[in-house]
Every structure is written in structure tokens, then in C-alpha cells.
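J.: using only what follows, build the 3D model:
(one chain, ligands or ions: 1)
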Amino acid sequence: NKTELQQHDREHLLHPFTDFQDLGQQGTRVITSAEGAYITDIDGNRLLDGMSGLWCCNLGYSRKEISNAIYEQLNTLPFYNSFFQCTTVPSIELADVLAEVTPAHMNNVFFTGSGSEANDTNLRLIRRFWDLQEKPEKRIVISRMNGYHGSTIAGASLGGMNGMHKQFQPLDYIEYVQQPYWFGEGGDLSPEEFGIQAARSLDEKIQELGPEKVAAFIAEPIQGAGGVIIPPETYWPEVKKVLDQYDILLVMDEVIFGFGRTGEWFGSDYYGLKPDLMTFAKAVTNGYFPLGGTMVSDRVAEVIKTKGGEFTHGYTYSAHPAACMAGLVTINILRNEKIIENVRDVTGPYLAKRWAELAEHPIVGETRSLGMVGALELVKDKASRARFDDNCTAGGVCRDLSNKHGLVMRAVGDAMVIAPPLIMTTEQVDELVEKAHRALDDTAKALA
Ligand code: PLP
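T.: Prediction:
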């Protein structure tokens, strides 16, 4: 029963990103089943999943084609590795398909088991690339404050999350620059001016470090876990100029925005960027099986493949056959059912329109959205953008109240974020916005 399960959970399970002293009277929510865009808990409560699990179930929870393909693969060849000149059919097929759906200049993939491992792989590839180019002085990787790139030591070092850095020693060759978070940090500048300023901060950092020492810049196209921070339109074109000027590799972390979330296949497509490396995970298998990887541009792959012998790196589960089958079927569904086109043309614009209506709410300081992702900022005072309190606890209140109204939203401080399944209908978008509205009303009352 529920109480017993929760007790065992409390006694034996160390949950990720959880304050164990703060599990509350209610204890953890035990999720028991899911269907379409909804999850159901052990009490029978059905919640509209505004977060696609953890930004990964882009096709929702009912795609038997994926689970059946995994099952069949497990019964045919449950495991074989891709080390030492071995390969498997699903891994070859998925590599082919990834080369088709990713930007034209990316035709090689290194598979991993997760996004974090893929970012570790990126650090190895970056170093290997510059060493083989006989530029060993290029060692520094620049990332952004408040970015998220995973939880391994490399991933967490690349990430710019203060709360994480306090609990370990980040790698010493990683440097951080400003994030393009206009609502929080833009002050009196217009979004366009602020976008330029944030990009110039990268230029300044490169100058300060010495351009000849900077190997790569890593960023999410839009910061996801940092609070769905959609950069001003001026930001990416300016960053691109800066990187090109100094021959610095661009690593786009597409773990959240890959596979359709913006209404394009990748965030890089949306912003017209040509990354040298591109991290993916999560939605590549619709979250059904652990799989990640990094797409490698022709420029980098050429060097890795033709110079210097063995690349001494790999994971047992690199190119796991069942994971690759899950990826193949997921991408087939995205293509055959024109899911991404539908986000671009129908549900994305519809969500944008309905989500923007929430900006009228007395405690909402800003709404933003793109494709099937959105955020709103909770404020006590719209004009000054003042929060309810310095610790930004309003978000947690709103999250719990949205759960009560049957909606999963995530709180990032006082930013409420959504990343609903791409398969959501316009009626479900209405349901989402209405439930969010009720949660905001209750939050306003609770904090009054
Ligand atoms: N990169 C980004 C942008 C992410 O959002 C995440 C996870 O949320 C990761 C990397 C890490 O991926 P994983 O949790 O699969 O290791």
C-alpha cells in the first residue's frame, strides 16, 4: 500500500535533486501508470503532464511500437557492445537515421547511455581534436552561468549551477559567462540590447583568457533546466560571429531541445547554427530506454577518424541494441506522423497564444514560449519585477497547487516551466492553460 511504499522509499532510496529533510508530510508521489499526455498516481489522481516526464517523453506514454521494438530486440540480441571493431544492426541503422535528421554537416555519432556521458565525451573529443590539430594550448572550455549539462563531474562542471558547484570541485579548465536571461538580468536594456551584451561578455572572456587557449564554447540553444531561458533574437547571431572569429568549437547541448521541441528537429536548426558537436539524449528514445550521444561534425570527425590512432573512450552501453531500436522507432514516428511540423504549424503557435494570456494574471511578470516549451515568472510586483521573497519560494507553492489541479509544472526558483508532450492536442493545451490559471489564482491567495 501507499504508506508502506513511501516508507520504504524514504528508508532506501536516495533521490536525485531532492532535499531529504523536505519530503513533507505527504511523502513522495508514487506514479503508477501513464497514458497519452497523462500520468496517474497511486491514489488514482490523473495529472496532465506538462513536463513530458523529465523533458523526454515527447510522444507521450502510449507508444507500444517503441516498447514492442525494445522487447523484440531484447529477445533477439539483448546486448552486444560496440567496442573493438564490433557493431550491431540497430546501431548502424540509428546512426544512418541520425545523420539524416541532424544538420547536413553532421554525419557521425558517438553513442552513450545519457546526456551527461555525452558531455563527458564532448570534452574528450574537443581535447583530442585540438591535440591532433597540433594546438594543444587550446584547453579551456567556456560555458554559461545557470546552464545545465548533466551530473557527472564533467557535466556538472560544464553546467553553471551554483547549487551544484558548492557540493564538489568543478574542473579547473572550465570558465563561465553570462546567460542571456533578460527578465532576470536585463535591467533597463531592451531584450535586443541585452542579447548583444550577453554575447559580448563571451567575447570579453575570450580576450581575457587569450583566444589561442580557448577550445570550445558549450551552450543549450535555450536554457532548459535553468528556467526555459529563450535568448533575445540578437544573441545567437552575435555569439556565432565571436566564435568564428577565434576558431572556437561550438558545442550545442540539445538534450532538451533535440527531436522537435522548438518545432524544428533541433534548436540548432531553429537558430540557424552549425555546431561542431551536438549532445542529445532524452527524447531520442521518447524516454523509453537510456540513450544519449553526441553528433560529430564532418570537420571534427575527419580528424578523429583519420589521425592519431585509437580514441580511448567508450561506455559499456554505448550503442546498446535495445536503446538503438527505441531510437529508430521514435524517429520513425516523429517523421511518419509529421509530429514536428505539427508543433511548428499548429500546437506551437496555439500554445504561444494561450500561454501569453497568462501574462494578464496579477502575479505573472512575464510569459515566454516557443514550440512546446514555456515559462512564466512569478512576481509580487509587475512594474519592478520584485519577487515574493528573496529565496524564490513562490514557485514551489505554485508547483504544489498545480499538482492539486491535475497539472504537472516545474518550478525553477520563481519561474514556472512547461515542456508538454509534442503530441498534445489544442484541447489539451486549453486544459493546461486553464489548470495553470487556477494554480496561479490559488498561489496569489496563498501568498497574499
Ligand atoms: N544536458 C542538458 C541540457 C540536460 O537538460 C540534461 C538533463 O536534464 C543533461 C545534459 C544530462 O542528461 P542525463 O540526465 O541524461 O545525463
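
J.: which stretches of this protein have low pLDDT?
T.: In the prediction, the chain carries residues with pLDDT under 70 at positions 24-25.

J.: what's the residue nearest the centre of it sitting at in phi/psi?
T.: A centroid search over the chain (Cα atoms, centre = their mean) returns residue 256, at 2.5 Å, as the residue closest to the centre. According to degrees, to the nearest 10, the main-chain angles of residue 256 amount to phi -100, psi -40.

J.: and it, what does it touch?
T.: Residues in contact with residue 256 (Cβ atoms under 8 Å, 6 or more residues apart in numbering) are 55, 220, 222, 224-225, 282, 373, 419. For every residue, glycine as well, the C-beta is placed using N, CA and C.

J.: now distance to residue 400 too, for these, in TSV please.
T.: Shown next, in TSV, are these (distance: Cβ to Cβ, whole Å):
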residue	distance to residue 400
55	20
220	27
222	26
224	22
225	19
282	25
373	22
419	19
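
J.: filter those residues down to the ones close to the ligand.
T.: Counting by Cβ under 6 Å from any ligand atom, the subset of these that neighbours the ligand consists of 220, 224-225.

J.: near the ligand, which residues of this structure are found?
T.: 114-116, 119, 148-150, 155, 220, 224-225, 253, 255-256, 281, 292.

J.: next, count neighbours for the nearest residue to residue 61 once chain neighbours are set aside.
T.: Setting aside the residues directly before and after it, residue 61 is nearest to residue 34 in space (Cβ to Cβ, 6 or more residues apart in numbering), at 3.7 Å. Here the number of neighbours of residue 34 (other Cβ atoms under 10 Å) works out to 17.

J.: ok, back up a step: of the contacts of residue 256, which belong to strands?
T.: Of the contacts of residue 256, the ones assigned to strands by DSSP state E are residue 373.

J.: which of the contacts of residue 256 sit farthest apart?
T.: The largest distance within those, taken as Cβ to Cβ, falls between 222 and 282 and amounts to 14.4 Å.

J.: who has more neighbours, the two?
T.: Neighbour tally, residue 222 and residue 282, criterion other Cβ under 10 Å: the higher count belongs to residue 282, 27 against 24.

J.: hmm, that one is touching residue 54, no?
T.: Yes. Because the distance of 7.2 Å satisfies Cβ atoms under 8 Å, residue 282 is recorded as touching residue 54.

J.: circling back: ok, of the contacts of residue 256, which come out buried?
T.: 55, 220, 222, 224-225, 282, 373, 419 (16 or more other Cβ atoms under 10 Å).

J.: re the thing from before, okay, the ones next to the ligand among the contacts of residue 256 in TSV with distance to residue 105 next?
T.: Putting those into TSV (distance: Cβ to Cβ, whole Å) gives the following:
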residue	distance to residue 105
220	20
224	24
225	28
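
J.: nearest to residue 358, of the residues of the chain next to the ligand?
T.: For the residues of the chain next to the ligand, with residue 358 as the reference and Cβ to Cβ as the criterion, the closest is residue 224, at 19.6 Å.

J.: dump the residue contacts of that closest one.
T.: Contact analysis of residue 224 by Cβ under 8 Å, 6+ apart lists 55, 148, 255-257, 373, 417, 419.

J.: just give me the neighbour total for residue 119.
T.: Using other Cβ under 10 Å as the criterion, the residues surrounding residue 119 number 30.

J.: for residue 150, see how far away the residue of the chain found nearest the ligand is.
T.: Among all residues of the chain, residue 115 sits closest to the ligand, at 2.4 Å; criterion: Cβ to the nearest ligand atom. Taking Cβ to Cβ, to the nearest Å as the measure, residue 115 falls 5 Å from residue 150.

J.: again, but for residue 135
T.: Per Cβ to Cβ, residue 135 is found 26 Å from residue 150.

J.: quick one: which of these two has more around it?
T.: When neighbours are counted by other Cβ under 10 Å, residue 150 comes out ahead of the other of residue 135 and residue 150, with 24 against 14.

J.: before we move on, back to that, so how far is residue 33 from the residue nearest to the centre of the chain?
T.: Summarising the geometry, the distance separating residue 256 from residue 33, computed by Cβ to Cβ, is 25 Å.

J.: residue 286 now?
T.: Applying Cβ to Cβ, the value for residue 286 to residue 33 is 16 Å.

J.: compare those two (neighbour count), which wins?
T.: Comparing residue 286 with residue 33 by other Cβ under 10 Å, the one with more neighbours is residue 286, at 29 against 11.

J.: tell me the contacts of that one?
T.: By Cβ under 8 Å, 6+ apart, the residues touching residue 286 are 56-59, 63, 66, 326, 330.

J.: helix/strand/coil for residue 111?
T.: Classification of residue 111 using DSSP: H, G, I helix; E, B strand; the rest coil returns strand.

J.: ok, now which ones touch it?
T.: 82, 91, 291-293, 318-320, 323-324.

J.: now do the lengthiest helix in the chain: distance to the chain's middle.
T.: Assignment by DSSP state H gives helix 426-447 as the longest helix of the chain. Helix 426-447 has its C-alpha centroid displaced from the chain centroid by 24 Å (Cα atoms, centre = their mean, to the nearest Å).

J.: report the buried residues of that helix.
T.: 428-429, 431-433, 435-437, 439-440, 442-444.

J.: one step back: can you flag which of the contacts of residue 224 belong to helices?
T.: When the contacts of residue 224 are checked against helices (DSSP H), the matches are residue 55.

J.: dihedrals phi and psi, residue 189?
T.: With angles defined as degrees, to the nearest 10, residue 189 shows backbone torsions of phi -70, psi 150.

J.: was I right to think it contacts residue 183?
T.: No. With contacts defined as Cβ under 8 Å, residue 189 does not count as touching residue 183, sitting 11.7 Å away.

J.: by contact count, what packs against the longest helix of the chain?
T.: Under the contact criterion of 3 or more Cβ pairs under 8 Å, 6 or more residues apart in numbering; DSSP states H and E, helix 426-447 touches strand 46-49, helix 348-357, helix 394-404, strand 407-408, strand 415-418.

J.: what residues does the last one touch?
T.: With contact meaning Cβ under 8 Å, 6+ apart, strand 415-418 is reached by 50-51, 224, 227-228, 355, 373-378, 395, 398-399, 402, 409-411, 432, 436.
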